[in-house]
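Undergrad: Quick one, fold the following:
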Amino acid sequence: MSDRLKVAFMVYEFPILSETFILNQIAGLIDRGCEVDIYAEIRGNSDKVHPVVEQYQLQERTYYLPELPENLLLRLIKGIGLIFNYALVCPRQLWRSLYPFPLTDLTLSLWLLHTVIPNLNQDYDIIHCQFGTQSYRGMAFRHVNAPKAKLITTFRGHDISSFVQQKGENVYQQLFRYGDFFLTNCDFFRNKAISIGCPPDKIKVNRSGLDCDRFAYQSRSLPEDGSIQIATTGRLVEKKGIEYVIRAIAKLVPTYPHLRYKIIGEGSLRSYFAELIQELNLTENIELMGWRNETEIVEILNSTQIFVAPSITAADGNQDAPINVLKEAMAIGLPVVSTYHGGIPELVENGKSGFLVPEKDAAALADKLGYLIEHPQLWSAMGKSGREFVLQNYNLDQINDDLINIYRSLINSDKIMTRKTSS
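TA: Presented below is the predicted three-dimensional model:
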């Protein structure tokens, strides 16, 4: 293996606006001299992408894997067709896809043929699965296309919460045996992974970092006209808990009629939120803004006084890590209100950079938002504290350096073992 690391990222969808943490890792690795390719299962929306995608020409580095039918019989039928297609084109990879896999799970075995990359000329050092839900594809990809590569999986949220609840606590047992190393984006999820069988000595926390240079600090003070703008950024799904902020705003508007709440994002609950806003007579106070790219979000937040991230544990068990939008808001200098949920208490220091309240508690949200509205003299100190905490604990450069060191330590440990065995 050369000093120039060759890395394959396994993702579900690419490009996707909501996964800036993956873009930050890819860009960081490229800046550090790595060759990075992206393997995705589905093609994302290319009409509206983050600037990083264009800056690093990431779509030119992206390959889309063959679709894997949900029905097992259709997988088998399609797999037989692929055998004939690959027989002369890539016989070595084809043989590996048919050779008994170290893991005997039938579902995993049916991934193999659908993960063959004909004429692959990259000898990858690292295969990095982004989300545990990509691990089956990652295991198959390594077995078929790059058997010498180290396999790393990062658990980030739904993959270690709702997916485990749905599939059972044994869902990752084969991965824990077959994978080389594991990462999580917070201590909360590291502990969860260990609790379902991940070896403690094979898992570390590698947080989702933030480039604070892209988020200029701005001290907050009460606008001359006394207006207050609150904002939330996130997908319009149950886990983000936005319904409870809408209901909190309804409690505040009689006292603060000029209060404005901007919700940035899209999702399956948009229609429900629109109806709820109308039902509560809040159409003059709350705006559903849809998706915005990073530059547009910063512009909105620069005219915002308070940021709220009301994450909850969804009915299916889905949970959040310390979410990037909270880090961005804190880096800009916004006081924040969030919840005692998942990994968020690792980011927000209650009473110092903002406030934490119980999940699904509209009254508590209204209470803390009202307190901040009534005490604008706290905004500047909370904003400074939040930015300082993000700078110290979520520095993107340091976190990407740590990731490179993890990659190299895995590769070097393998070399050491090889030398010991040969001696």
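
Undergrad: CA atoms for contacts and neighbours, from now on please.
TA: Will do.

Undergrad: ok, then the element right after the least confident helix or strand in the chain by mean pLDDT?
TA: The weakest-scoring helix or strand in the chain, judged by mean pLDDT, DSSP states H and E, is helix 106-109 (a mean of 56). Beyond helix 106-109 on the C-terminal side, the first helix or strand identified by DSSP states H and E is strand 126-130.

Undergrad: for that next one, packing partners?
TA: strand 6-14, helix 135-145, strand 150-155 (3 or more C-alpha pairs under 8 Å, 6 or more residues apart in numbering; DSSP states H and E).

Undergrad: Let me have those in CSV, adding mean pLDDT as columns.
TA: Supplementary listing: these in CSV, determined by pLDDT from 0 to 100:
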stretch, mean pLDDT
strand 6-14, 96
helix 135-145, 90
strand 150-155, 98
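
Undergrad: Save these as a markdown table, and put in distance to V205 and mean neighbour count too.
TA: Below are the helices and strands packed on strand 126-130 laid out as a markdown table (distance: least, C-alpha to C-alpha, whole Å; neighbours: other C-alpha atoms under 10 Å):
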| stretch | distance to V205 | mean neighbour count |
| --- | --- | --- |
| strand 6-14 | 18 | 23 |
| helix 135-145 | 18 | 24 |
| strand 150-155 | 9 | 25 |
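
Undergrad: Next, format these as TSV and append distance to V89.
TA: Converted to TSV, these look like this (distance: least, C-alpha to C-alpha, whole Å):
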stretch	distance to V89
strand 6-14	22
helix 135-145	14
strand 150-155	26
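
Undergrad: Of all the ones you listed, which one is nearest D401?
TA: strand 6-14 (14.8 Å; C-alpha to C-alpha).

Undergrad: Show me the domain layout of this structure.
TA: Per automatic domain parsing, the domain ranges recorded for the chain read 6-209+396-422, 212-393.

Undergrad: gap between the longest one and the chain center?
TA: This means domain 6-209+396-422. 14 Å (C-alpha atoms, centre = their mean, to the nearest Å).

Undergrad: re earlier: between the helices and strands packed on strand 126-130, which gets nearest to I277?
TA: Of these, nearest to I277 by C-alpha to C-alpha is strand 6-14, at 31.4 Å.

Undergrad: can you state the direction angle for the next helix or strand after the closest one and strand 126-130?
TA: Sequence order places helix 20-31 as the next helix or strand after strand 6-14, per DSSP H and E. For helix 20-31 against strand 126-130, the angle by axes from the mean of the first three to the mean of the last three C-alpha atoms, to 10 degrees is 160 degrees.

Undergrad: and S208, what is it in contact with?
TA: S208 makes contact with F21, N185, N324, Y394, L396, I399, according to C-alpha atoms under 8 Å, 6 or more residues apart in numbering.

Undergrad: Pick out whichever of the residues you listed sits closest to K78.
TA: When the contacts of S208 are compared against K78 (criterion: C-alpha to C-alpha), the nearest one is F21, at 34.5 Å.

Undergrad: Would you agree the closest one is in contact with N324?
TA: Yes. Under the criterion of C-alpha atoms under 8 Å, F21 makes contact with N324 at 7.4 Å.

Undergrad: of the two, who's got more company?
TA: N324 (19 against 15; other C-alpha atoms under 10 Å).

Undergrad: Can you pick out the most distant pair from the contacts of S208?
TA: Greatest spatial distance among those (C-alpha to C-alpha): N324 and I399, at 14.0 Å.

Undergrad: Tell me where the stretch 301-423 of the chain has helices.
TA: With DSSP state H, counting those that start in this stretch as the criterion, the stretch 301-423 of the chain has helices at 324-332, 362-374, 379-393, 396-422.

Undergrad: who wins for proximity to Q278 among these?
TA: Nearest to Q278, of all the helices of the stretch 301-423 of the chain, is helix 362-374, at 17.7 Å by C-alpha to C-alpha.

Undergrad: Contacts for that closest one, please.
TA: Helix 362-374 has contacts (C-alpha under 8 Å, 6+ apart) with 228, 244-245, 247-249, 251-252, 306, 337, 355, 357-358, 378-379.

Undergrad: try 6 Å this time
TA: Y244, R247, A248 (C-alpha atoms under 6 Å, 6 or more residues apart in numbering).

Undergrad: okay if I get those residues as TSV plus secondary structure?
TA: Output for the contacts of helix 362-374, formatted as TSV (DSSP: H, G, I helix; E, B strand; the rest coil):
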residue	secondary structure
Y244	helix
R247	helix
A248	helix
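
Undergrad: before we move on, back to that, worst mean pLDDT among the domains of the chain?
TA: The minimum mean pLDDT among those belongs to domain 6-209+396-422 (a mean of 88).

Undergrad: that older thread, just say which of the domains of the chain is most tucked in.
TA: Among those, the stretch with the highest mean neighbour count (mean count of other C-alpha atoms under 10 Å) is domain 212-393, at a mean of 19.

Undergrad: about what we covered before: nearest to I277, out of the helices of the stretch 301-423 of the chain?
TA: helix 362-374 (14.5 Å).

Undergrad: Give me the angle between the closest one and helix 379-393.
TA: Going by the same axes, to 10 degrees, helix 362-374 makes 110 degrees with helix 379-393.

Undergrad: mind checking how far helix 362-374 is from the chain centre?
TA: Offset of helix 362-374 from its chain centre (C-alpha atoms, centre = their mean): 29 Å.
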